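>>> What shape does this take:
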Amino acid sequence: MQDRVADVLAQRAALDRGAGIALVLSILLHGGIAAVIVYAALHAKPPQRASTLNIQFAKMPAATPAMTKPIQKPAAPKIEDVKPKIEEPKPAPQPETPKKPEKNTVPLSPFGRSTKKGSETPPPATPSPASPAPNSGPQVAPGASGVTGLEGGDFPYTLYLTGMVKKIGDNWYRPQVDPGPGVVIYFRILRNGTIVESRVETSSGNATFDRAALSAVRSSSPLNPLPFGFEGNYLGVHQTFR
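Residues are numbered from 1 along each chain as shown. Sure, this is the predicted structure:
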């Protein structure tokens, strides 16, 4: 029994000690806060008074009429009266008077006298007969006789043959050999201008000369297309190179 009483008394004593410690801590905390408040109140700066500033605006004088200039409207441009110019009629040109034909003068002799009596008109010179051209057919290049025959139908288109011969002549390089009587090359021209079936028809007796002529023909393909009016399917050509 006595042990229990002693335990209860010991517990109460412990509680009293804890309450005393808490009370001491509370007093210290509140005292610190009060000290801080007092210190802040003593060292605080007194509030400054607000100063007022009076601002007065000066009155501007009213604008006088002399200061403003009236706006003048631009004057309308003057329109000048344009008078049409009347051209005076030009006088009609007068016909020129025909000149009098000059008299035919007769040449004088070395001694100053006329070789004929009166002024006689010399007789007109009689034109000499035109000599026929050596070869009226189309020509290729120097050393070629040109086209000697055609086949495939009537072909009256000389300009086409002239152009054909010229193109072949541009590709013709004549070797420096004796051509003898010359070589005849046969070839056909299709409707589109392509040259086909080219061959040596008559040899010159010199293989180098024959090959050069045949190469000139083959190098000229294609030619211009055959004329539209030509009714044949091809044009066969016999051409001689000399």
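
>>> Might one say that Gly153 is in contact with Tyr234?
No - using C-beta atoms under 8 Å, Gly153 is not in contact with Tyr234, being 9.1 Å away. Backbone N, C-alpha and C define where each C-beta goes, glycine included.

>>> Can you show me the strands along the protein?
Ranges of strands within the chain are 144-151, 183-190, 195-202, 234-241, based on DSSP state E.

>>> got the ones you listed as TSV, with mean neighbour count, distance to Ser26 and mean pLDDT columns?
Output for the strands of the chain, formatted as TSV (neighbours: other C-beta atoms under 10 Å; distance: least, C-beta to C-beta, whole Å; pLDDT from 0 to 100):
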stretch	mean neighbour count	distance to Ser26	mean pLDDT
strand 144-151	17	143	76
strand 183-190	21	132	94
strand 195-202	14	133	93
strand 234-241	21	137	94
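
>>> so which of those comes closest to Arg218?
Ranking these by their distance to Arg218 (criterion: C-beta to C-beta) puts strand 195-202 first, at 5.5 Å.

>>> What strands flank that closest one, and is each parallel or antiparallel?
Strand pairing for strand 195-202, determined by DSSP bridges: strand 183-190 (antiparallel).

>>> Report the inter-axis angle for the partner strand versus strand 144-151.
For strand 183-190 against strand 144-151, the angle by axes from the mean of the first three to the mean of the last three C-alpha atoms, to 10 degrees is 50 degrees.

>>> Pull the contacting residues for Ala13.
For Ala13, no residue meets the contact criterion (C-beta atoms under 8 Å, 6 or more residues apart in numbering).

>>> tell me the contacts of Gly32?
Gly32 neighbours (C-beta under 8 Å, 6+ apart): none.

>>> and what of Ser220?
By C-beta under 8 Å, 6+ apart, the contact set of Ser220 is 164, 167-168, 170-171, 195.

>>> Just give me the closest of these to Gly205.
Ile168 (21.5 Å).

>>> Run a quick neighbour tally on the closest one.
Residue crowding around Ile168 was assessed by other C-beta atoms under 10 Å; the count is 29.

>>> Roughly how far does it sit from Arg218?
According to C-beta to C-beta, to the nearest Å, Ile168 stands 10 Å off from Arg218.

>>> Ala41 now?
129 Å.

>>> Then Ser203?
In terms of C-beta to C-beta, Ser203 sits 17 Å off from Arg218.

>>> Over to Arg211?
10 Å.

>>> again with Pro225
18 Å.

>>> mean confidence for the longest helix seen in the chain?
Counting by DSSP state H, the longest helix found in the chain is helix 2-43. In this model, helix 2-43 has a mean pLDDT of 75.

>>> Kindly report the same for stretch 165-178.
90.

>>> Return the alpha-carbon coordinates of that stretch using CSV.
What follows is stretch 165-178, C-alpha atoms only, in CSV (Å, rounded to 0.1, in the frame of the first residue of the first chain):
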residue,chain,number,x,y,z
VAL,A,165,23.9,18.9,-158.0
LYS,A,166,25.2,21.7,-155.7
LYS,A,167,24.9,19.6,-152.6
ILE,A,168,26.7,16.7,-154.2
GLY,A,169,29.3,19.1,-155.5
ASP,A,170,30.0,20.4,-152.0
ASN,A,171,30.8,16.8,-150.9
TRP,A,172,32.9,16.0,-154.0
TYR,A,173,36.6,15.9,-153.4
ARG,A,174,38.3,15.2,-156.7
PRO,A,175,41.5,13.1,-156.4
GLN,A,176,44.6,14.2,-158.3
VAL,A,177,44.5,11.3,-160.7
ASP,A,178,43.7,10.8,-164.4
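
>>> Just the buried positions in it, please.
Residues 165, 167-169, 171-172, 174 are the ones in stretch 165-178 that count as buried (16 or more other C-beta atoms under 10 Å).
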